[in-house]
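Trainee: Sharing a model that was predicted from the sequence below.
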Protein chains: 2
Amino acid sequence: MTTARSTTRTARERARDEITAEILSAARARLREAGPGELSLRAVARDVGMVSSAVYRYFPSRDELLTALLIAAYDELGAAVEAADEGVPDRADFIGRWTATCRATRDWAVSHPHDYALLYGSPVPGYAAPRDTVGPATRVIVRLVEIIVGAYEAGSAGAVATPPSRSAAPDQMVADAIAFVRERGVVSEQSVPEIVMRTLMAWSTLFGTVSFELFGHLKGSVSDFETYFDQVALRLAGDLGLA
Amino acid sequence: MTTARSTTRTARERARDEITAEILSAARARLREAGPGELSLRAVARDVGMVSSAVYRYFPSRDELLTALLIAAYDELGAAVEAADEGVPDRADFIGRWTATCRATRDWAVSHPHDYALLYGSPVPGYAAPRDTVGPATRVIVRLVEIIVGAYEAGSAGAVATPPSRSAAPDQMVADAIAFVRERGVVSEQSVPEIVMRTLMAWSTLFGTVSFELFGHLKGSVSDFETYFDQVALRLAGDLGLA
DNA sequence: GCTTGGCAAGAGCACTGCTCTCATTTGTTG
DNA sequence: CAACAAATGAGAGCAGTGCTCTTGCCAAGC
């Protein structure tokens, strides 16, 4: 591997990439019909016409395969969410962008339940997600933050919901998140910590709601999940001051 | 089994119950050190000194064992939550009861992460929790509802957060939940649907927050999870009008 | 040319859930 | 009490799993 062949890939390299992609796609297909726990490396090997040991040339372990699937799913969700936001023509309609983004999250989750479970359900082998996943994993929350920040910078935001009297200022415990928002461009607002607090809460509510729906915890309470979710998103927008 | 021997149990029945409990406890112990996916029926059989096939006399399948663990965990969480609520001496301090209940939920989850993942993570056996689980599963939300209903009935509640202007009344999509709350004793309030809406949202936020913490999604944003969670619970109480 | 290294295949290990058979124990009934 | 039936435990066995190791093969580089 000493030769500087960075631009033209040899046939072997091409083949390797293609087979890697083929394995990944077969694994995604299998994941679509069963849970992450049922994903069998031998089965995907059969699907691509290989013997199980050959797959280990491409993925050193089943968990590595799962990690690759994780990244692919995160990216797909992130792309869907970003596309939904950018599909809103009026960039100053922050409520419209917010609801479109939220709805895209749920839509993707409902149409890819197993992928969603892989991302936001229980961590599968109890393993820690590698560094490679944090980038794709943050695309949704980053986009949500951008919308909120944009609304406040444009001056088209009202006031964030006022916390109860006995509550403390959330400066310390979410300092990292505050710093993240501040470096995103905001803001003359002095209520940034409270906005960040409400952003984290809204984020948790969105995915908590989707998880509750997909995992069956709302079965006896909610009948129309789609409009219920939309109403939740609207109220979160209101709490954030986007109303 | 025709004899009406309901009161005095035969030695065999006693032994059966004892061994069943022993298997369950061994399984819980194993679950405490690994995820649900790693729970091996053969391993728990070894732990209790049996051969794997003998365990099938007590649990017809691994998933049935998991279901039993599910019920046990739901009950343990429910008992912890109810005890926390009842530990608040001033029954009219609804905010205190609310925060104590929320905190008990998180405390139990943090000290039983694998049990929590079993309950609120991705459904393990693929899907469809049996009917036996719905009772224990509702203990937490039932208690939360009781506190909220109690506050409104006692007149010590303010107003629920007002929804944004373009939002719809949530009468239809959460009709079952509304009926549940109404038969719980509330209420002269005309804003019951909105209260129910906010209750469902608060419920989703609580468990969404706990899941995010345990599953690592808040890792870069929140530093002090305990006080963060308390602040979340306080704001939810405020949104519900308990402030 | 020959050598090196990536690659697929196969055998094999230790493990899993689960089924079946067999012997033994236990409870009930004639 | 004896006989029968039900419940129980042990063991073997099947099909499947993740993963390792060895064996050949074929293309890439000297």
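Mentor: Now that the structure is in, tell me what you want to look at. Numbering: from 1, shown residues only, chains lettered A, B, ... in the order given.
Trainee: contacts, neighbours, all on C-alpha from now
Mentor: Noted.
Trainee: Per the annotation, how does chain A divide into domains?
Mentor: Following automatic domain parsing, one finds the domains of chain A at A:1-60, A:77-239.
Trainee: What average pLDDT does the longest one get?
Mentor: Across domain A:77-239, the average pLDDT comes to 92.
Trainee: and that domain, how far from the chain's centre?
Mentor: Put simply, domain A:77-239 sits 10 Å off its chain's centre (Cα atoms, centre = their mean, to the nearest Å).
Trainee: What's the end-to-end length of that domain?
Mentor: By Cα to Cα, to the nearest Å, the extent of domain A:77-239 from end to end equals 25 Å.
Trainee: returning to that earlier point: B:Ala104 is nearest to which of the domains of chain A?
Mentor: Evaluated over the domains of chain A, closeness to B:Ala104 peaks at domain A:77-239, with 18.4 Å, by Cα to Cα.
Trainee: among the domains of chain A, which is the most enclosed?
Mentor: With neighbours taken as mean count of other Cα atoms under 10 Å in any protein chain shown, the domains of chain A reach their highest mean count in domain A:77-239, at a mean of 19.
Trainee: residues from chain A in reach of DNA strand C?
Mentor: A:12-13, A:15-16, A:19, A:49-51, A:53-55, A:57-58 (Cα under 7 Å from any atom of the strand).
Trainee: Show me which of those residues is closest to DNA strand D.
Mentor: The nearest member of the residues of chain A next to DNA strand C to DNA strand D, counting by Cα to the nearest atom of the strand, is A:Ser53 at 4.2 Å.
Trainee: and A:Met173, helix, strand or coil?
Mentor: coil (DSSP: H, G, I helix; E, B strand; the rest coil).
Trainee: Right, and DNA strand D sits closest to which residue of chain A?
Mentor: A:Ser40 (3.0 Å).
Trainee: surely A:Asp239 meets A:Arg198?
Mentor: Yes. With contacts counted by Cα atoms under 8 Å, A:Asp239 reaches A:Arg198, the gap being 7.3 Å.
Trainee: Let's see the pLDDT reported for A:Arg42.
Mentor: Value listed for A:Arg42 in the pLDDT field: 96.
Trainee: Can you pull out the residues in contact with stretch A:105-115?
Mentor: Applying Cα atoms under 8 Å, 6 or more residues apart in numbering or on different chains, the contact partners of stretch A:105-115 are A:31-36, A:70, A:73, A:77, A:80-81, A:116, A:210, A:214.
Trainee: Recalculate using a threshold of 7 Å.
Mentor: Outside stretch A:105-115, the residues that touch it by Cα atoms under 7 Å, 6 or more residues apart in numbering or on different chains are A:Leu31, A:Arg32, A:Gly35, A:Ala73, A:Leu77, A:Val81, A:Tyr116, A:Val210.
Trainee: any idea which of these is closest to chain B?
Mentor: Nearest to chain B among the contacts of stretch A:105-115, counting by Cα to the nearest Cα, is A:Gly35 at 6.4 Å.
Trainee: Which parts of chain A are helices?
Mentor: All helices of chain A, identified by DSSP state H, fall at A:11-33, A:41-47, A:52-55, A:62-86, A:94-111, A:113-120, A:134-137, A:139-153, A:175-183, A:192-215, A:225-239.
Trainee: Please name the residues that touch the residue lying closest to A:Asp176 once chain neighbours are set aside.
Mentor: Closest residue in space to A:Asp176, ignoring its immediate chain neighbours: B:Ser221 at 5.3 Å, by Cα to Cα, 6 or more residues apart in numbering or on different chains. Under the criterion of Cα under 7 Å, 6+ apart, the contact list for B:Ser221 reads A:Val174, A:Asp176, A:Ala177.
Trainee: Would you mind measuring from the second one to B:Ala177?
Mentor: Just to be clear, that refers to A:Asp176. For A:Asp176 relative to B:Ala177 (Cα to Cα), the value is 38 Å.
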